[in-house]
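Enquirer: Test case, fold it:
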Amino acid sequence: QVQLVESGGGLVQPGGSLRLSCAASGDFYDIFNMGWYRQVPGGERELVGSISTVGRTYYGDSVVGRFTVSRDDAKKTVHLQMNSLQPEDTAIYYCNMEIRRTVVSFEVNYWGQGTQVTVSS
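Expert: Here you go, the predicted model:
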């Protein structure tokens, strides 16, 4: 069984920073793309940023220059460094990993449980 566990959410003032982490555990062969999404009540889940196996990153337009996605393959972890946070960044943040359970299986998307980020004074 594969499990993604997130940490690092919370309350921060506008202009502040937070760092989210997500660690994968369980029995699987390999992890491919990793990323972060966010969702507000009544809204759709949107991509925040992603990182490929060779370190290529992609960001949503609203976070470019403020957020950074990184990965530590040895620890099976993906991070999201969020700087210059604004109230509109308030959302539940979910990590996502494409994981192959065995050497012959296809990648499957796995999700973390979500962590609340609130930006408010």
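Enquirer: Run through the residues that contact the residue nearest the centre of the chain.
Expert: Nearest residue to the geometric centre of the chain (CA atoms, centre = their mean): Trp36, 2.7 Å. Applying CB atoms under 8 Å, 6 or more residues apart in numbering, we find Trp36 in contact with 20, 22, 47-50, 69, 78, 80, 93-96. Where C-beta positions appear, they are placed from N, C-alpha and C, glycine not excepted.
Enquirer: pLDDT at Gly8, what is it?
Expert: With respect to pLDDT, Gly8 has a value of 95.
Enquirer: and it, how far is that from Ser17?
Expert: 11 Å (CB to CB, to the nearest Å).
Enquirer: who has more neighbours, those two?
Expert: Gly8 (16 against 11; other CB atoms under 10 Å).
Enquirer: How about that one: what's its closest non-neighbour residue?
Expert: Ranked by CB to CB, 6 or more residues apart in numbering and with sequence neighbours excluded, the top spatial neighbour of Gly8 is Leu20, at 4.2 Å.
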